[in-house]
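Enquirer: pasting a predicted model and its sequence here:
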Amino acid sequence: MPIQSQIIESPHTVDIPVSDIPSWVFTGGTTATRIIPRYFDADNPKECYSLADAEIYVKRIARGLQTLGLQPDDKVMLCSPNHLFVPILLWAVIAARCVFTAISPTASKNELKYQLEDSGAKVLLVHSSKAALGLEAAQSVGMSSSSVFLFLNPNENCNEPVRSLKPWMDFWVSADEAKVWQWHRITGIEEAKQTTAIINYSSGVQIIHKRSLVANTAQGRARRARIDSSGERWIAPLPMYHAFGQIWYCMNAAQLGAKVFIMSKFDVTDFLRYLDIYRITFATMVPVIINTVIKYPHPEAFNLKALEGVVSGSAPLSPEIGRTLKTLYLSEHATVKQGMGLTETTCSLFQFAQDDIDDGRSIGWLNANCKAKIVPVDGEGYEGTAPADVEVGEIWVSGPNMMKGYYRKPEATAAATTYEDGQMWFKTGDIGYADHRGRFYIVDRMKELLKVKGLQVSPAELEITLLQHPDVTDAAVVGAKM
């Protein structure tokens, strides 16, 4: 039965081009800006590449994957920490008309085995630190060791313990062959909608991303139209096996012309040092990183005044923590904003422009071209969580950046989505409301309220309170029977 709730539309509309991702990534900027180094190893900035360099790498790797016998829609899997060449691999897999999927470098053998089996990956690339585990997992699912490659910087040397694996450069074609090869260009809207680019694994489900990657980048470009192509510098501490890192570092940064300094792992001292010495102007963070930064014992040791904007996501950010970050480290004009998105919405769904005025409670406005509705939740009361004149309920969303669905999970896809008014609506599971200006607020998650002495208690509120303690870096609250 259709839900007759008011549809709220984004105040922004942008033209989203019909394009394949490699074409989208490599058409930004001018000939002059394309030869400027854009991606840097934060630990060793001499290791870097421009988008012109990257395009040649992408063609060599993509054509090489095809020479291995990979066909359109075959899956290529990566198990690695953040690495300078992750963006290049992601672009190359898509350029080969294959599908990129990645897993956390902290994954166990069973987790690695599950994703290999579930995705049906034909090729596995592993970082040297995961070589033995990757090879063991591959063999346990019947994958030949000849389909497992060592993922490393071409300038690195293979360590003795991993010499049994061939470096991935072994399947690259020559630069001369790459120059005459071209990836398949997508020019039709239906092909764009049906083409799978990435399968991300999140909370035990597999989410298929399509052209929505381009949609989300176009949305971000519209909201950050004031980009200084000669001086925008970003730090990349978030993992690129996740949609958050993929969208910001592999898509948005490339199109916007930002320089990206990639961290292989997060260390708070290194993070603050890189923000300082590279004069970083924009940073994506998550609440646990911000909380770690504000509890660092010597904030005066670092100068972060170049940092103009911080965007936080993945979990609610306490306004107090955001204000503390600004007070300790940032200039008067710098902004700390939180946004909201899910892997199912290709990372971003609600966000602020840098010059938006906000007190830190809202998650912002809908992304361009997106719609939302607030759907009442039967049997649940959220009195006192919002102004009396607004409707509170589950947030449903629709737009060009929605997932295709859960991979090979039609029941899960059907449970999380519904079709109304000729469009797919995704049920976020977040309880919230929109104010009279169109800004959205989240007050709870469905089915996560705890009963304490007969009262309903929100885990998110408890977590925010716990994080205010100076000795608490991260917190997760769950219910338990006593």
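Expert: On my side now, so go ahead.
Enquirer: on contacts alone, who are the packing partners of the longest strand along the chain?
Expert: The strand that spans the most residues within the chain, counting by DSSP state E, is strand 423-434. Secondary-structure packing of strand 423-434 (3 or more C-beta pairs under 8 Å, 6 or more residues apart in numbering; DSSP states H and E): strand 371-375, strand 393-398, strand 417-420, strand 440-445. (Each C-beta comes from the backbone N, C-alpha and C, glycine too.)
Enquirer: what's the most buried one of the ones you listed?
Expert: Highest mean neighbour count of the helices and strands packed on strand 423-434: strand 393-398, a mean of 23 (counted as mean count of other C-beta atoms under 10 Å).
Enquirer: what helices or strands is the helix or strand just after it leaning on?
Expert: Reading on from strand 393-398 to the C-terminus, the next helix or strand found by DSSP states H and E is strand 405-406. Strand 405-406 sits against strand 205-209, helix 410-416, with contacts defined as 3+ C-beta pairs under 8 Å, 6+ apart.
Enquirer: how far off centre is the longest one?
Expert: To tie it back to what came earlier, the one meant is helix 410-416. Here the centre of helix 410-416 is set off from its chain's centre by 22 Å, with C-alpha atoms, centre = their mean, to the nearest Å.
Enquirer: returning to that earlier point: want to try a markdown table for the helices and strands packed on strand 423-434, with distance to N155 and mean pLDDT as columns?
Expert: A markdown table is the format used below for the helices and strands packed on strand 423-434 (distance: least, C-beta to C-beta, whole Å; pLDDT from 0 to 100):
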| stretch | distance to N155 | mean pLDDT |
| --- | --- | --- |
| strand 371-375 | 47 | 94 |
| strand 393-398 | 44 | 94 |
| strand 417-420 | 45 | 92 |
| strand 440-445 | 45 | 86 |
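Enquirer: okay, and for the stretch 351-482 of the chain, where does confidence drop off?
Expert: 354, 379-384, 447-458, 480-482 (pLDDT under 70).
Enquirer: which parts of the stretch 101-250 of the chain are helices?
Expert: For the stretch 101-250 of the chain, applying DSSP state H, counting those that start in this stretch gives helices covering 109-119, 131-140, 175-179, 189-194, 212-223, 243-245.
Enquirer: ranking these by mean pLDDT, which is last?
Expert: Across the helices of the stretch 101-250 of the chain, helix 212-223 has the smallest mean pLDDT, namely a mean of 50.
Enquirer: quick revisit: in CSV: the helices of the stretch 101-250 of the chain, plus distance to V293 and mean neighbour count.
Expert: What follows is the helices of the stretch 101-250 of the chain, written out as CSV (distance: least, C-beta to C-beta, whole Å; neighbours: other C-beta atoms under 10 Å):
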stretch, distance to V293, mean neighbour count
helix 109-119, 29, 18
helix 131-140, 31, 19
helix 175-179, 42, 13
helix 189-194, 39, 14
helix 212-223, 24, 24
helix 243-245, 18, 22
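Enquirer: which is the next helix or strand following the longest helix along the chain?
Expert: Assignment by DSSP state H gives helix 51-67 as the longest helix of the chain. Proceeding N to C from helix 51-67, the next assigned helix or strand is strand 75-79, under DSSP H and E.
Enquirer: list the strands paired with that next one, with their directions.
Expert: Using DSSP bridges, strand 75-79 pairs in its sheet with strand 99-103 (parallel), strand 123-126 (parallel).
Enquirer: tell me how far the shortest one lies from the chain's centre.
Expert: Taking the mean of its C-alpha atoms, strand 123-126 sits 21 Å from the chain's own mean (C-alpha atoms, centre = their mean).
Enquirer: and for stretch 422-429?
Expert: How far stretch 422-429 lies from its chain's middle: 20 Å, per C-alpha atoms, centre = their mean.
Enquirer: from one end of stretch 351-371 to the other, what's the distance?
Expert: Stretch 351-371 stretches 14 Å from its first residue to its last (C-alpha to C-alpha, to the nearest Å).
Enquirer: any idea which element S5 lies in?
Expert: With DSSP H and E as the test, S5 turns up in no helix or strand.
Enquirer: quick check: it vs T418, distance?
Expert: With distances taken as C-beta to C-beta, to the nearest Å, S5 is found 12 Å from T418.
Enquirer: shared neighbours, the two?
Expert: W396 (C-beta atoms under 8 Å, 6 or more residues apart in numbering).
Enquirer: strand partners of the longest strand of the chain, parallel vs antiparallel please.
Expert: Strand pairing for strand 423-434, using DSSP bridges, gives strand 393-398 (antiparallel), strand 417-420 (antiparallel), strand 440-445 (antiparallel).
Enquirer: just checking, I247 touches S348?
Expert: Yes. With contacts counted by C-beta atoms under 8 Å, I247 reaches S348, the gap being 6.5 Å.
Enquirer: for V58, which of the helices of the stretch 101-250 of the chain is the nearest?
Expert: helix 175-179 (8.4 Å; C-beta to C-beta).
Enquirer: pretty sure V478 sits against E463.
Expert: No. Judged on C-beta under 8 Å, V478 makes no contact with E463 at a distance of 10.3 Å.
Enquirer: of those two, which one has the most company?
Expert: Between V478 and E463, counted using other C-beta atoms under 10 Å, E463 has the larger neighbour count: 18 against 7.
Enquirer: residue contacts, the more buried one?
Expert: By C-beta under 8 Å, 6+ apart, the neighbours of E463 are 315-316, 475-477.
Enquirer: can you pick the most crowded of these?
Expert: If you rank the contacts of E463 by neighbour count (other C-beta under 10 Å), P316 sits at the top with 22 neighbours.
Enquirer: name the nearest residue to that one, ignoring sequence neighbours.
Expert: Closest residue in space to P316, ignoring its immediate chain neighbours: A460 at 5.4 Å, by C-beta to C-beta, 6 or more residues apart in numbering.
Enquirer: near the one you found, how many other residues are there?
Expert: 17.
Enquirer: and whichever strand or helix holds it, what's buried?
Expert: A460 belongs to helix 459-467 when assigned by DSSP H and E. Across helix 459-467, burial judged by 16 or more other C-beta atoms under 10 Å covers 459-460, 463-464, 467.
Enquirer: closest to T343 out of the residues you listed?
Expert: Top of the list for closeness to T343, among those and by C-beta to C-beta, is A460 at 18.8 Å.
Enquirer: run a quick check on that closest one versus G432, I expect a contact.
Expert: No. Assessed by C-beta under 8 Å, A460 is found out of contact with G432, at 11.5 Å.
Enquirer: what do these two both touch?
Expert: D444.
Enquirer: what sits against G339?
Expert: Per C-beta under 8 Å, 6+ apart, neighbours of G339: 311-313, 348-352, 363-364.
Enquirer: of the residues you listed, buried ones?
Expert: Taking 16+ other C-beta under 10 Å as the criterion, what is buried in the contacts of G339 is 311-313, 348-352, 363-364.
Enquirer: of those residues, which pair is most distant in space?
Expert: Greatest spacing in these, by C-beta to C-beta: S312 and L349 (14.2 Å).
Enquirer: output the contacts of E463 as TSV; include the columns distance to V141 and secondary structure.
Expert: Below are the contacts of E463 laid out as TSV (distance: C-beta to C-beta, whole Å; DSSP: H, G, I helix; E, B strand; the rest coil):
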residue	distance to V141	secondary structure
A315	33	coil
P316	38	coil
A475	36	coil
A476	32	coil
V477	37	coil
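Enquirer: now flag whichever of the residues you listed is closest to S164.
Expert: The closest of those to S164 turns out to be A476 (C-beta to C-beta; 39.5 Å).
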